[in-house]
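1. based on what follows, work out the 3D shape:
(chains A, B, C and D)
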Protein chains: 2
Amino acid sequence: MGNYNVKEEVTDKYSLRGRVFHRIRENILNGTYKEHEELKEVTVGEELGVSRTPVREAFRQLELEGLIQIIPNKGAYVTGITEKDVKDIYIIRSLLEGLCARWATENITKEQLDEMEENVYLASFYAEKGHMEQLAQLDNRFHEIMYEACNSKMLEHQLKDFHEYVLRVRKKTLATSRGNASNKEHEQIMLAIKAGDGELAQELAHTHMINAYENMVKNGLHEVYQKENLELERENKK
Amino acid sequence: MGNYNVKEEVTDKYSLRGRVFHRIRENILNGTYKEHEELKEVTVGEELGVSRTPVREAFRQLELEGLIQIIPNKGAYVTGITEKDVKDIYIIRSLLEGLCARWATENITKEQLDEMEENVYLASFYAEKGHMEQLAQLDNRFHEIMYEACNSKMLEHQLKDFHEYVLRVRKKTLATSRGNASNKEHEQIMLAIKAGDGELAQELAHTHMINAYENMVKNGLHEVYQKENLELERENKK
DNA sequence: CGTCGTATCATTGTATACAATGATACGAGA
DNA sequence: TCTCGTATCATTGTATACAATGATACGACG
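-> Model prediction:
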């Protein structure tokens, strides 16, 4: 337990099924597929080395997630994610993470609490060393533990969706400055949960999200997107 | 505008694309496909008169919504929705509907506000007459207007998902007793939005959800499910 | 009698063939 | 020149064929 292997991303979790889905998703989130770009089933299939069938299945899922829009008999278009979307997500998350922290206080298991403590402890170590990649991984994991601890598959599902959504953006901003402050807040949340103070945990988790968002804005959310979109100029087929 | 045709359900909206998806979804929500039942692609396809391809696409979407669980190379199983899930959804919704009402206060258009007023007015009429089916339709529409008015596609998306989730359950309970009280609360929310009081709108929308849930519990959520599951004993193939 | 290994089969995963749809280009007629 | 109609083509929608996987049943062996 408490396996913090930072090299292997979550991708291995989707070894076979959902590989196509997650690769397309990743390409949308990191800007390889740009906003309003039309995605053709054959083209995407060729890029990923599969036929149209799995691509179509992935498209249907991505539409449900709101990342693309499918116009029947016409095509699939990347909707992407605007600055306002990110802001909205953080506000929504601030509410739901608060609720999650409260429920986690009531339902967390000993194992989960142990992992949380270990997580905070390790994070402070990495923060000191300046190992930002590991810190980001621990940050993600901290939230995941809380999602699992809240004992609500509905809430867990919602939050995991949102979490993935902003992972890429957050990782960048976290790497710039907020790593340590963020972990201090994690510690406070963990202590509130451990003490059984649901109200406090809720309040702290809520504020934690707001802070994360404000820090992101301060560091220039817009620029982050610009950079990402220019990172790799993708060769056009036609 | 303000088209309250209660005969034609939303189904016509999905005339071609997504027809399979929505029919399977409906069958899960109304208990035709029971919890933990294994759904076979060919069987479901035959029932709906289509081949495996559209069924598979629908399965992938339904899994993302959490209505079924797909075990790779094995099968798809109905997860259904437990009493606790319903409770969790209502609590989550109470937070998000509150936020939605606040944002709607800031962003609602004249047309949307007009439709809201018309909605409340018509609903009071139907409540007096005891036309519960129309009342339920108006109730759904009221919330949809608010979702659209909040000017956040992220929040709208979330809430519409949840809304559909509990539509069937809520329709039943609404039909029993709470129709008029519910509309009174809608009126208060509408007035708060009209007056530009976001705080109040948020508080009212929040309470509205809590009340809806508590009413549902009072009327026996458990029995509702029991009845639904027994409504139609579906013939088993094997 | 129990356990392991293998053959068989049902089912899912993927690719491909064909049908249906919508967009575009081109040409005839006003 | 403009407009409308039609042919053509690219692309999506659906069905089906084949491959891969996992479950089951059965029999050999201890």
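2. low-confidence ranges, chain A, go.
-> For chain A, residues meeting the criterion pLDDT under 70 lie at A:1-17, A:80, A:167-177, A:220-238.
3. list, one by one, the residues from chain A near DNA strand C.
-> A:16-17, A:45, A:49-54, A:72-74 (Cβ under 7 Å from any atom of the strand). The C-beta positions use only the backbone N, C-alpha and C, and glycine is treated the same way.
4. redo that, cut-off 10 Å
-> Contact residues, chain A versus DNA strand C (Cβ under 10 Å from any atom of the strand): A:16-21, A:41-42, A:45, A:48-58, A:71-75.
5. quick one: the strands in chain A, in order.
-> Remark: strands assigned in chain A by DSSP state E are A:38-39, A:68-71, A:75-78.
6. dump those to a markdown table, plus distance to residue B:206 and mean neighbour count.
-> Formatted as a markdown table, the strands of chain A follow (distance: least, Cβ to Cβ, whole Å; neighbours: other Cβ atoms under 10 Å in any protein chain shown):
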| stretch | distance to residue B:206 | mean neighbour count |
| --- | --- | --- |
| strand A:38-39 | 39 | 17 |
| strand A:68-71 | 31 | 16 |
| strand A:75-78 | 35 | 19 |
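7. reformat those as TSV; add distance to residue A:159.
-> Formatted as TSV, these follow (distance: least, Cβ to Cβ, whole Å):
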stretch	distance to residue A:159
strand A:38-39	27
strand A:68-71	22
strand A:75-78	24
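8. looking at those strands, which is nearest to residue B:183?
-> Residue B:183 lies closest to strand A:68-71 among the strands of chain A, at 34.4 Å (Cβ to Cβ).
9. could you break chain A into its assigned domains?
-> As assigned by automatic domain parsing, chain A contains the domains A:10-80, A:83-226.
10. most tightly surrounded among those domains?
-> domain A:83-226 (a mean of 19; mean count of other Cβ atoms under 10 Å in any protein chain shown).
11. give me the distance from that domain to the chain's centre.
-> Distance of domain A:83-226 from its chain centroid, counting by Cα atoms, centre = their mean, to the nearest Å, is 10 Å.
12. hmm, that domain touching chain B?
-> Yes - residues of domain A:83-226 are located near chain B by Cβ under 8 Å from any Cβ of the partner chain, namely A:84-85, A:88-89, A:91-92, A:95-96, A:99, A:152-155, A:157-158.
13. pipe the domains of chain A into CSV and attach distance to DNA strand D per row.
-> What follows is these, written out as CSV (distance: least, Cβ to the nearest atom of the strand, whole Å):
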stretch, distance to DNA strand D
domain A:10-80, 4
domain A:83-226, 23
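14. of all those, which one is nearest residue B:179?
-> For these, distance to residue B:179 was read as Cβ to Cβ. The smallest value, 26.3 Å, belongs to domain A:83-226.
15. nearest residue to residue A:108 in space, please, no chain neighbours.
-> Distances taken as Cβ to Cβ, 6 or more residues apart in numbering or on different chains place residue A:149 nearest to residue A:108, at 4.1 Å, with adjacent residues excluded.
16. list the residues that contact the one you found.
-> Counting by Cβ atoms under 8 Å, 6 or more residues apart in numbering or on different chains, residue A:149 touches A:103-104, A:107-109, A:112-113, A:116, A:193.
17. now do residue A:107
-> Applying Cβ under 8 Å, 6+ apart to residue A:107 gives the contacts A:149-151.
18. show me the residues you listed that map onto helices.
-> Taking DSSP state H, the ones among these that sit in helices are residue A:149.
19. list the contacts of residue A:181.
-> Here residue A:181 is in contact with A:211, A:215 (Cβ under 8 Å, 6+ apart).
20. again, but for residue A:213
-> If a contact means Cβ under 8 Å, 6+ apart, then residue A:213 has A:86-87, A:90-91, A:94 as its contacts.
21. who touches residue A:210 in this structure?
-> When the contact criterion is Cβ under 8 Å, 6+ apart, the partners of residue A:210 are A:90, A:94.
22. would you map the helices across chain A?
-> Secondary structure of chain A, counting by DSSP H: helices at A:19-29, A:41-48, A:52-65, A:83-107, A:110-129, A:132-149, A:153-173, A:179-195, A:198-218, A:221-231.
23. any chance of a markdown table for the ones you listed, columns distance to residue B:132?
-> Compiled in a markdown table, the helices of chain A are given as follows (distance: least, Cβ to Cβ, whole Å):
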| stretch | distance to residue B:132 |
| --- | --- |
| helix A:19-29 | 42 |
| helix A:41-48 | 45 |
| helix A:52-65 | 32 |
| helix A:83-107 | 32 |
| helix A:110-129 | 45 |
| helix A:132-149 | 39 |
| helix A:153-173 | 28 |
| helix A:179-195 | 44 |
| helix A:198-218 | 38 |
| helix A:221-231 | 48 |
